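Participant: Predicted model and sequence below, questions to follow.
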Amino acid sequence: MPATPMKLTLGPLLYLWDTPAWRDFYFRIADEADVDCVVLGEVVCSKRQHFHQPVLGEVIERLASAGKQVRLASLALVTLDRELKSSRHLAEQDDFAVEVNELAAHGAMRGRPHAIGPLVNVYNGATARFLASSGATSICLPPELPAASIKAILRDAPGIAFEVFAFGRVPLAISARCAHARIKGFTKDNCHFVCGEDPDGLPVDTLDGQSFLTLNGVQTMSSTCQSMITDVLALRAMGVAALRLSPQVCDMVAVARLFRAVADEELDPLEGLDHLRSAYPNAQFSNGFIHDVPGHRLVTAAG
Amino acid sequence: MELICPAGTPASFRDAIDAGADAVYCGFRDETNARNFPGLNFSRDELAEAVSYAGGRGVKTLVAINTFMRAGNEQLWTRAIDDAAELGADAVILADLGLLAYAAERYPQLRRHLSVQAGAANADHIDFLVETFGIRRAVLPRVLTVAEVATISKRVKCETEVFVFGGLCVMEEGRCSLSSYATGKSPNMHGVCSPASHVRYRRDGTEMVSGLGEFTINRFPESEPAGYPTLCKGRFVAGGQSGYIFEDPASLDVLSQLHALEAAGVTALKIEGRQRGRAYISQVVTEIRKALGTLGGAPRTVTDGNALRKLSEGQRTTEGSYDKRWR
């Protein structure tokens, strides 16, 4: 066992799940998943917020009584007054830790301690130090960073708990336009919440049948599922404090168990990757970004 | 309203000024700017000459240093700031928080504009950066309607600038890793999107296939010209449908909204296209200058919209997010 074990954070559920499925997912996480922190809240589209509001209280309570730290996430793209108000409201409450995903919410924290989510652009130590000077205590780095950048940022910005996006489809882009609604014949303003029909996202293939991307409402994600299970030990050696696991329609309890076992050196990383394939049977895994090659590729010691 | 024009070369810089630009923006020849394309951009000497040519004609020179500093190589970006300041740039256009902090501390007198790459889409975000780094102008991302542009422009404690013509990002600027997912080269880190170095075309029967990295971006029948494989403007298959699922290969044209943008309190209008040739720069700047000259009277659109459309990507245009229905 390493002296300072890596922490596991369950990132916010980025897809639209119906209310009972959402609640039951988090209940199981509370009862069974070996994670240290759970980030809750709608990050992708403010139109979805009302789906989870009615059960948010009981989910928070269940997670907290299971000893998990709970953070509430702010929206990633804030343009409307209603959205700004919700970010301000989140920043002003004192009951729960906050994870900000854009700078209006960061500013509204007015220097009080908070976490920075992976959708804020932190590409260098100077940016991390600036955010820390205005209240950030932990930062989940952008998924496209190569290892050399992660290493340099950690060296340059001591005293911040850095987290890396280690599992899940990678959020690659966000738009004002909802491609997901459009493909189903609707517009964003009258979308009928059709993204809810695809709880693990809607696959986008090339005209030659290659898997390429995934639609999740206004967000575009990778078709591959990021897996840094074979990079965990390198990340730990760099001083990365926590690994972020982003929920997919798969056995997330098993995913957490596998990452924990590899981080604690109780499971061989390549064996861990094999087990990950059973936990998420149809997924294609990738970790290209950290290896400074196209993000969709998978690079392991075994080749 | 000021007219802000692109220049990828010293020749187009002079063309833009001669055609009526109030300010010209350009970048250094490296990955410190978001148009880091082969054969484009300015050496230090070229920038010095440009600043002097512009200054003599009452035109401002804005230097875009709007990618994100690569950890471990920050000096490439900080040196760009040092040089822009020393060479007499009227403003620097920045997105990276660490670089904004550097510029604000070292060169408090040098105007700082917030690049579109910062993706600042609401008034609180912008005002936080006004208060923290003293930014004087924010270039708004192409995710807003005209009404939202007006709300922001009226509220924020700095000027606003919006894109009115040229290439259109479908995704919020500065928050798109599609290109690095497919090619390993990204707008934020390398200043490129869908880079030419990763583009390939191949013939498949009667069709021309365009690809980026390992992915097919489009297939064109013989009757259709094969366009450049910009990732978010390709044809894909989703939900059993195939087509341009993000956006057609169209470019932005909101010249019909100039009155509304003026009423919204926008300070400056920006033309995209540092990578475009001299003919584009001259013609677009001339036409838009003419249209601006008529503001204040009856609502009017650009006099020669058709000529401009021919200069657009795919010769099709859209009002993008400025039109609520686009979403």
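Facilitator: Everything's here; your move. Numbering: from 1, shown residues only, chains lettered A, B, ... in the order given.
Participant: Not counting sequence-adjacent ones, nearest residue to the residue in the stretch 51-200 of chain B that chain A sits nearest to?
Facilitator: In the stretch 51-200 of chain B, no residue comes nearer to chain A than B:Gly98, which is 2.7 Å away by C-beta to the nearest C-beta. Heads up, the C-betas are built off the backbone N, CA and C, glycines and all. Nearest residue to B:Gly98, sequence neighbours excluded (C-beta to C-beta, 6 or more residues apart in numbering or on different chains): A:Ala126, at 2.7 Å.
Participant: Low-confidence ranges, chain A, go.
Facilitator: A:1-3, A:302-303 (pLDDT under 70).
Participant: mind listing what the residue of it found nearest chain B touches?
Facilitator: Per C-beta to the nearest C-beta, the residue of chain A with the smallest distance to chain B is A:Ala126, at 2.7 Å. Contact analysis of A:Ala126 by C-beta atoms under 8 Å, 6 or more residues apart in numbering or on different chains lists A:156, B:69, B:74, B:96-99, B:101-102.
Participant: do B:Ala123 as well
Facilitator: The neighbours of B:Ala123, taking C-beta under 8 Å, 6+ apart as the test, are A:84, B:151-152, B:155-156.
Participant: Identify the residue nearest it in space, chain neighbours excluded?
Facilitator: Nearest non-adjacent residue to B:Ala123 (C-beta to C-beta, 6+ apart): B:Arg155, at 4.2 Å.
Participant: Quick check on that neighbour: phi, psi?
Facilitator: Taking degrees, to the nearest 10, you get phi -90, psi -40 for the backbone angles of B:Arg155.
Participant: tell me what the lengthiest strand in chain B is packed against?
Facilitator: For chain B, the longest strand by residue count, based on DSSP state E, is strand B:159-166. Contacts defined by 3 or more C-beta pairs under 8 Å, 6 or more residues apart in numbering or on different chains; DSSP states H and E place strand B:159-166 against strand B:2-6, strand B:137-139, helix B:146-155, strand B:251-253, helix B:258-263, strand B:268-271, helix B:278-293.
Participant: buried stuff in stretch A:178-190?
Facilitator: For stretch A:178-190, the neighbour count (16 or more other C-beta atoms under 10 Å in any protein chain shown) marks A:178-184, A:188 as buried.
Participant: tell me the centre residue of chain B?
Facilitator: By C-alpha atoms, centre = their mean, chain B has its centre lying nearest to B:Glu272, at 4.4 Å.
Participant: neighbours around the closest residue to it other than its chain neighbours, how many?
Facilitator: The shortest distance from B:Glu272 to any non-neighbouring residue, by C-beta to C-beta, 6+ apart, is to B:Gly166 (2.7 Å). Using other C-beta atoms under 10 Å in any protein chain shown, B:Gly166 has 22 neighbouring residues.
Participant: so B:Gly166 touches B:Leu269, yeah?
Facilitator: No - between B:Gly166 and B:Leu269 there is no contact under C-beta atoms under 8 Å: 11.1 Å.
Participant: the strands in the stretch 151-300 of chain A, which residues?
Facilitator: Taking DSSP state E, counting those that start in this stretch as the test, the strands found in the stretch 151-300 of chain A are A:161-174, A:202-206, A:211-216, A:219-227, A:242-245, A:285-286.
Participant: can I get the ones you listed in JSON lines with distance to A:Asn101 and mean neighbour count?
Facilitator: Below are those laid out as JSON lines (distance: least, C-beta to C-beta, whole Å; neighbours: other C-beta atoms under 10 Å in any protein chain shown):
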{"stretch": "strand A:161-174", "distance to A:Asn101": "10", "mean neighbour count": "25"}
{"stretch": "strand A:202-206", "distance to A:Asn101": "22", "mean neighbour count": "20"}
{"stretch": "strand A:211-216", "distance to A:Asn101": "15", "mean neighbour count": "24"}
{"stretch": "strand A:219-227", "distance to A:Asn101": "11", "mean neighbour count": "26"}
{"stretch": "strand A:242-245", "distance to A:Asn101": "13", "mean neighbour count": "25"}
{"stretch": "strand A:285-286", "distance to A:Asn101": "23", "mean neighbour count": "22"}
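Participant: Would you reformat those as a markdown table and include distance to B:Ser282?
Facilitator: Output for the strands of the stretch 151-300 of chain A, formatted as a markdown table (distance: least, C-beta to C-beta, whole Å):
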| stretch | distance to B:Ser282 |
| --- | --- |
| strand A:161-174 | 33 |
| strand A:202-206 | 38 |
| strand A:211-216 | 38 |
| strand A:219-227 | 36 |
| strand A:242-245 | 50 |
| strand A:285-286 | 45 |
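Participant: Tell me where chain B has helices.
Facilitator: B:10-18, B:44-55, B:74-86, B:97-106, B:123-133, B:146-155, B:178-183, B:187-190, B:258-263, B:278-293, B:305-310 (DSSP state H).
Participant: An error on my part: the question was meant for chain A.
Facilitator: A:19-32, A:53-65, A:81-92, A:103-108, A:125-133, A:147-156, A:179-183, A:232-238, A:252-263, A:269-279.
Participant: so which of the ones you listed comes closest to B:Val209?
Facilitator: helix A:179-183 (22.3 Å; C-beta to C-beta).
Participant: For that closest one, name the packing helices and strands.
Facilitator: Using 3+ C-beta pairs under 8 Å, 6+ apart, helix A:179-183 is in contact with strand A:211-216.
Participant: between the strand it packs on and strand A:161-174, how many degrees?
Facilitator: 100 degrees (axes from the mean of the first three to the mean of the last three C-alpha atoms, to 10 degrees).
Participant: Could you confirm whether strand A:211-216 reaches chain B?
Facilitator: Yes - judged by C-beta under 8 Å from any C-beta of the partner chain, strand A:211-216 and chain B are in contact via A:212-213, A:215.
Participant: Run the angle between the longest strand of chain B and helix B:146-155 for me.
Facilitator: Relative orientation of strand B:159-166 with respect to helix B:146-155: 150 degrees, computed using the same axes, to 10 degrees.
Participant: average model confidence for strand B:159-166?
Facilitator: Strand B:159-166 carries an average pLDDT of 96.
Participant: partners of that strand in the sheet?
Facilitator: Strand B:159-166 has its sheet partners listed here by DSSP bridges as strand B:137-139 (parallel), strand B:251-253 (antiparallel), strand B:268-271 (parallel).
Participant: Pick the most buried one from the ones you listed.
Facilitator: Mean neighbour count (mean count of other C-beta atoms under 10 Å in any protein chain shown) peaks for strand B:137-139 among the strands paired with strand B:159-166, with a mean of 26.
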